[in-house]
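S.K.: Sharing a sequence plus its predicted fold:
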Amino acid sequence: VEKIEGNLSILKRSEPPHKSTVKEGDKIVYYIDVENTGSGTFTNEITIKDTIPDGTSYVSNSAKVVTGPNKTASYANNTLTWTFNNTTDENLKSKEKITVSFEVTINNLPSGTTSKVIKNIGYVNDKATNEIKHNIQKGNLIINKRSKPVHNSKVSEDSKIIYYVDVENKGTGDYKESIV
């Protein structure tokens, strides 16, 4: 939690939580909490901005106000913006909180890449929030077929040949649902 203008405190959080491991196709929900921790009403405009992190895709229409005055976020240049004006119904009274959220989907990693860190920082009245990180990890199967006797050996008509398929995960994450 960081204090900014007057008695406003800001906190960036996510589900799954900061420093969690995610995989391609998973979803992350980001939240920004803005709270008036002072004893008086905060009457200045509050602008919350959050850029969609590199390596993710915005889930259409997922931006919302969880708590606080109902506002629709604008979405332009990969950035969401909520603006709460200094009108009576949008003033932030003592101990009141505004929470906004949006959802992203983890994109596929480039071929040959088995891990990446997704980073996200939001801004409240141009003041940066804390940074949220997620680690993408991906399996990387190495499959090798071999036989006994070895490949190109001479065998007779009644010889027994045993085939083996070796599967090894050389990636940084689990590899699930494999069919060999």
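M.R.: Perfect, I can see it now. What you see is a predicted model; the values in this text were computed from it and never measured.
S.K.: Could you look up the SS state of residue 89?
M.R.: Classification of residue 89 using DSSP: H, G, I helix; E, B strand; the rest coil returns helix.
S.K.: Could you do residue 94 as well?
M.R.: coil.
S.K.: Phi first, then psi, for it.
M.R.: Phi and psi for residue 94, reported as degrees, to the nearest 10, are phi -50, psi 130.
S.K.: and residue 126, what is it in contact with?
M.R.: The contact partners of residue 126, by C-beta atoms under 8 Å, 6 or more residues apart in numbering, come to residue 47. Heads up, the C-betas are built off the backbone N, CA and C, glycines and all.
S.K.: Do me a favour and get the end-to-end distance for stretch 58-75?
M.R.: 10 Å (C-alpha to C-alpha, to the nearest Å).
S.K.: to the chain's geometric centre, what's the distance from it?
M.R.: Here the centre of mass of C-alpha atoms in stretch 58-75, compared against the chain's by C-alpha atoms, centre = their mean, to the nearest Å, lies 17 Å away.
S.K.: can you check stretch 134-154 too?
M.R.: On C-alpha atoms, centre = their mean, the centre of stretch 134-154 falls 32 Å from that of its chain.
S.K.: Alpha carbons of it, in PDB - could you do that?
M.R.: Extracted as PDB, the C-alpha positions of stretch 134-154 are listed here (Å, rounded to 0.1, in the frame of the first residue of the first chain):
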ATOM      1  CA  HIS A 134       3.600 -13.700 -12.800                       C
ATOM      2  CA  ASN A 135       5.900 -16.400 -14.100                       C
ATOM      3  CA  ILE A 136       4.800 -18.200 -17.300                       C
ATOM      4  CA  GLN A 137       6.300 -21.700 -17.500                       C
ATOM      5  CA  LYS A 138       5.900 -24.100 -20.300                       C
ATOM      6  CA  GLY A 139       6.700 -27.800 -20.800                       C
ATOM      7  CA  ASN A 140       9.000 -28.700 -23.600                       C
ATOM      8  CA  LEU A 141       8.800 -32.400 -24.600                       C
ATOM      9  CA  ILE A 142      11.800 -34.100 -26.100                       C
ATOM     10  CA  ILE A 143      10.700 -37.400 -27.700                       C
ATOM     11  CA  ASN A 144      13.200 -40.100 -28.900                       C
ATOM     12  CA  LYS A 145      12.300 -43.400 -30.400                       C
ATOM     13  CA  ARG A 146      14.800 -46.300 -30.200                       C
ATOM     14  CA  SER A 147      14.900 -50.000 -30.700                       C
ATOM     15  CA  LYS A 148      16.700 -53.100 -29.500                       C
ATOM     16  CA  PRO A 149      18.500 -54.300 -31.600                       C
ATOM     17  CA  VAL A 150      19.600 -50.800 -32.600                       C
ATOM     18  CA  HIS A 151      18.400 -49.100 -35.800                       C
ATOM     19  CA  ASN A 152      19.900 -50.600 -39.100                       C
ATOM     20  CA  SER A 153      20.900 -53.800 -37.400                       C
ATOM     21  CA  LYS A 154      20.400 -57.100 -39.300                       C
END
